[in-house]
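**Student:** Could you work out the structure for the sequence below:
(one chain, ligands or ions: 1)
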Amino acid sequence: MKQNIILIGFMGSGKTTNGRRLAKKLNMKFIDTDDLIEENNNITITEIFKRYGEKYFRELEHKMIKELVDEHSSIISTGGGVIINPDNTKYLKQIGIVIYLRSTVDNICNNLRNSYKKRPLIQKKNWMDEVKSLMEKREAIYQNNADITIDVDNKKHNQIVNEICKVLNARY
Ligand code: S3P
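**Tutor:** This next block holds a predicted model:
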């Protein structure tokens, strides 16, 4: 196995922030798949959704995931919906250890209260209901595809990063 560490979880669960910190601590490269999609296509995620819709975004996302096959020793932060496509999770499992940053709907809503407007899928007046309904659809998928689950609610970033390192050390 190419030992990458892949972070999955709902929007606002801290994949990017904790991923960056983890990469720094472990002296590994950090990759954010949403950033790569934006860079490679020279367009923001918001604009992709607005101009071409979710289906097209998912195609770009899938293409991006497949392009990670040669990656190694990297911390890879993924978009919250990456797990919707079973082919994506299959690829991710092949290239590394999948860590699910698990968070409750309440905590997610709290984290997203200032940034939900930047997330195309929940740019709505009733965005909290949307978070709840998406979480209901996705929760089991995150869980079923994770090698490791870390509960992130009410924890500081350094606590989460330390916990990840501890579990990795114990198991791998
Ligand atoms: C999405 C999550 C976003 C981004 C896109 C779709 C989702 O990433 O990929 O807006 O379906 O949950 P973050 O989880 O980094 O916000």
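**Student:** packing partners for the one helix or strand residue 142 maps to?
**Tutor:** Element membership for residue 142, per DSSP states H and E: helix 127-144. With contacts defined as 3 or more C-beta pairs under 8 Å, 6 or more residues apart in numbering; DSSP states H and E, the secondary structure elements packing on helix 127-144 are strand 96-102, helix 105-112. Quick note: C-beta positions are derived from backbone N, CA and C, even for glycine.
**Student:** can you give me the angle that helix makes with helix 105-112?
**Tutor:** Interaxial angle of helix 127-144 relative to helix 105-112 (axes from the mean of the first three to the mean of the last three C-alpha atoms, to 10 degrees): 120 degrees.
**Student:** ok, and what's touching helix 127-144?
**Tutor:** Counting contacts by C-beta atoms under 8 Å, 6 or more residues apart in numbering, the residues outside helix 127-144 that touch it are 8-11, 80-81, 83-84, 89, 100, 102, 105, 108-109, 112, 116, 121-122, 124, 149.
**Student:** returning to what we had before: quickly compare the helices and strands packed on helix 127-144 and say which is most buried.
**Tutor:** strand 96-102 (a mean of 22; mean count of other C-beta atoms under 10 Å).
**Student:** Around the ligand, pick out the residues from this protein.
**Tutor:** Taking C-beta under 6 Å from any ligand atom as the test, the list of the chain residues beside the ligand reads 11, 15, 34, 45, 79-81, 119-121.
**Student:** Turn those into CSV, columns for neighbour count, distance to residue 62 and secondary structure.
**Tutor:** Compiled in CSV, the residues of the chain next to the ligand are given as follows (neighbours: other C-beta atoms under 10 Å; distance: C-beta to C-beta, whole Å; DSSP: H, G, I helix; E, B strand; the rest coil):
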residue, neighbour count, distance to residue 62, secondary structure
11, 21, 18, coil
15, 28, 18, helix
34, 19, 13, helix
45, 19, 15, helix
79, 24, 11, coil
80, 22, 15, coil
81, 18, 11, coil
119, 19, 19, coil
120, 17, 17, helix
121, 16, 17, helix
